[in-house]
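Asker: Structure for this input, please:
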Amino acid sequence: MSKYLLLLIAAALVLLYLFFPRGDDPREIESVFDDMRDAAEKKDADGAAGHFSLQYKDEYGATYHVVKKVVGNVFRKYDNVRVSYSGLSVVFSENESGEKEAAANLDVTITGYSSGMPHDLIGSEGSPDNVTVTLKKSGLGGWKITGVEGIDAQESY
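Answerer: Okay, the predicted model is just below:
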């Protein structure tokens, strides 16, 4: 009998873990940026753009397809790309439809290297761009970027 009771308790704990939402964790958002940074440094365009929502639209009117094309162009133009960010702060909320959203503010620097020469693409080593990134939790549980504000691209791609 006690064997069945332990099994029932274990099953209940698994169901609680799977079906009840956990608290919002800024590390989930940090993981998105870490994945994108790692993909960029490997020149993996799909990995770098993969965290953008298909409904992405920024303050300049760029869409997901534009972002993916820009990322591909950067990877073709530069021998390697270095991405760094700091000062990440995240605020979680829900929209009127009850979907989870997050607003992340961070300082970003992206540098492209061509023949060993650095080219500031976004921000610079001494002066990163402070950006606000809006994300929405997708139906599959991952966070997708739906908007970015504050990028001052210094170079045309």
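Asker: mind listing what's buried in stretch 91-109?
Answerer: Burial within stretch 91-109, assessed by neighbour count using 16 or more other Cβ atoms under 10 Å, is assigned to Phe92, Lys100, Glu101, Ala102, Ala103, Ala104, Leu106, Asp107, Val108, Thr109. All C-beta spots, glycine's among them, are computed from the backbone N, C-alpha and C.
Asker: how about the helices in the protein?
Answerer: 2-19, 26-41, 45-49, 64-77 (DSSP state H).
Asker: I'd like to know which of those has the weakest mean confidence.
Answerer: In terms of average pLDDT, helix 2-19 trails the rest of the helices of the chain, at a mean of 50.
Asker: And the pLDDT at Lys57?
Answerer: 89.
Asker: Next: the one 3 residues further on.
Answerer: In the prediction, the pLDDT value recorded for Tyr60 is 85.
Asker: Next one: it from Glu149, what distance?
Answerer: Plainly put, Tyr60 is 10 Å away from Glu149 if you go by Cβ to Cβ, to the nearest Å.
Asker: Compare those two and say which is more crowded by neighbours.
Answerer: Glu149 (14 against 10; other Cβ atoms under 10 Å).
Asker: And for the spatially closest residue to that one that is not a sequence neighbour, the neighbour number?
Answerer: On the basis of Cβ to Cβ, 6 or more residues apart in numbering, the spatially nearest residue to Glu149 that is not a chain neighbour turns out to be Thr132, at 4.7 Å. For Thr132, the number of neighbouring residues by other Cβ under 10 Å comes to 16.
Asker: what's the answer for the one 5 residues further on, then?
Answerer: Residues contacting Lys137 under the criterion other Cβ under 10 Å number 18.
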